[in-house]
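>>> fold the following and give me the result.
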Amino acid sequence: MTPDRTAWQLALEHALAAMPCRWVDRAVILDTCDSTQDEAFLHARGRPGVLVATVRQNAGRGRLGRVWTHQPSLGLALTVALPADLDPARVSIAAGLAAALAASQLAGRRLGLRWPNDVVLPGPGPRWAKIAGVLVERRDGINLLGIGLNLNHAPADFPPELRPRATSLRELSGRHTAHADACIAIIGHLDEALSLDSGTLSSRWTDLSVLTGTRQRFVHDNHTHEGMVASLEPAGSITLVSDDGTAISLPALTTSLVKDD
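Below is the predicted model:
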């Protein structure tokens, strides 16, 4: 069912007028665009606070140049333009936490975070099913925070290669989720997450981490490290324990997870 763009726009405007929100003060809903990241930059006109979402995104992108698959009407793609003085790393951590909490609220069950900011359905691992992703880009003094969320997909709506490792709110809750409701939930949790002090933000993110206690591979400085994840502080370090019992500490913000799925 294609969302009514006008009703979606009005619902967001009413919500923003009613809720205390520091970071979002206006919204633009588009029928189609190539990328909400690009559109948010244009609509901001140098002034942060705009949220741009779309019914159809033709050229969405994820971290490290990956493509974000967006099925028209089924998924949510949005970008919030945030002030330049926010640390992009902090924005990324807060956004991951906000996306996970919003998706958990809408799904009616607890979801987890896979480093650095994939929202996943916790399971036996390591092939957790992904439901949302986050992308933070800095452009001309504005932080562009993009969130992609799988709303109303059935398994057959995902490309065959993604079905074993993707899920949606519909699959988890058994019901349709309105795009406006998802936006409002994300805005509320993002406002809260960005207001947390660094220690509390890190602690709440870590509480949702699915990697601790699992065997993983990471790349840092062109070297691959493998072992059991003993601890993971999103703005600090990742501690691995190798097969011989040696503890390895890697700086989290410059280390990448090797995803076998």
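
>>> helices of this protein, residue ranges please.
5-18, 36-44, 88-107, 169-173, 179-194, 198-207 (DSSP state H).

>>> possible to save the ones you listed as TSV with mean neighbour count?
(C-beta placed from N, C-alpha, C; glycine too.) Shown next, in TSV, are those (neighbours: other CB atoms under 10 Å):
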stretch	mean neighbour count
helix 5-18	15
helix 36-44	21
helix 88-107	24
helix 169-173	20
helix 179-194	22
helix 198-207	15
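
>>> now those as CSV including distance to A230 and mean pLDDT?
As requested, the helices of the chain are exported to CSV (distance: least, CB to CB, whole Å; pLDDT from 0 to 100):
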stretch, distance to A230, mean pLDDT
helix 5-18, 42, 94
helix 36-44, 35, 96
helix 88-107, 20, 96
helix 169-173, 30, 95
helix 179-194, 25, 97
helix 198-207, 12, 95
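
>>> in CSV, list those helices along with distance to D221.
Shown next, in CSV, are the helices of the chain (distance: least, CB to CB, whole Å):
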stretch, distance to D221
helix 5-18, 43
helix 36-44, 28
helix 88-107, 18
helix 169-173, 38
helix 179-194, 30
helix 198-207, 23
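
>>> nearest to L121, of these?
Closest approach to L121 among those is made by helix 169-173 (6.9 Å; CB to CB).

>>> elements contacting that closest one?
Helix 169-173 sits against helix 88-107, with contacts defined as 3 or more CB pairs under 8 Å, 6 or more residues apart in numbering; DSSP states H and E.

>>> from S231, how far out is the residue located most distally from the centre of the chain?
For the chain, the residue at maximal distance from the C-alpha centroid (CA atoms, centre = their mean) is D244, at 35.1 Å. D244 sits 19 Å away from S231, going by CB to CB, to the nearest Å.

>>> that older thread, select, out of the helices of the chain, the one closest to A252.
Closest among the helices of the chain, using CB to CB: helix 88-107, at 9.0 Å.

>>> okay, that closest one in CSV with CA atoms only?
Extracted in CSV, the C-alpha atoms of helix 88-107 (Å, rounded to 0.1, in the frame of the first residue of the first chain):
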residue,chain,number,x,y,z
PRO,A,88,29.9,12.7,13.4
ALA,A,89,31.1,9.7,15.4
ARG,A,90,28.7,10.6,18.2
VAL,A,91,25.9,11.2,15.7
SER,A,92,26.5,7.7,14.3
ILE,A,93,26.3,6.0,17.7
ALA,A,94,23.3,8.0,18.7
ALA,A,95,21.6,7.3,15.4
GLY,A,96,22.2,3.5,15.8
LEU,A,97,20.7,3.5,19.3
ALA,A,98,17.7,5.6,18.2
ALA,A,99,17.0,3.4,15.2
ALA,A,100,17.3,0.2,17.3
LEU,A,101,14.9,1.6,20.0
ALA,A,102,12.4,2.9,17.5
ALA,A,103,12.4,-0.4,15.5
SER,A,104,12.1,-2.3,18.8
GLN,A,105,9.1,-0.1,19.8
LEU,A,106,7.4,-0.6,16.5
ALA,A,107,8.2,-4.3,16.3
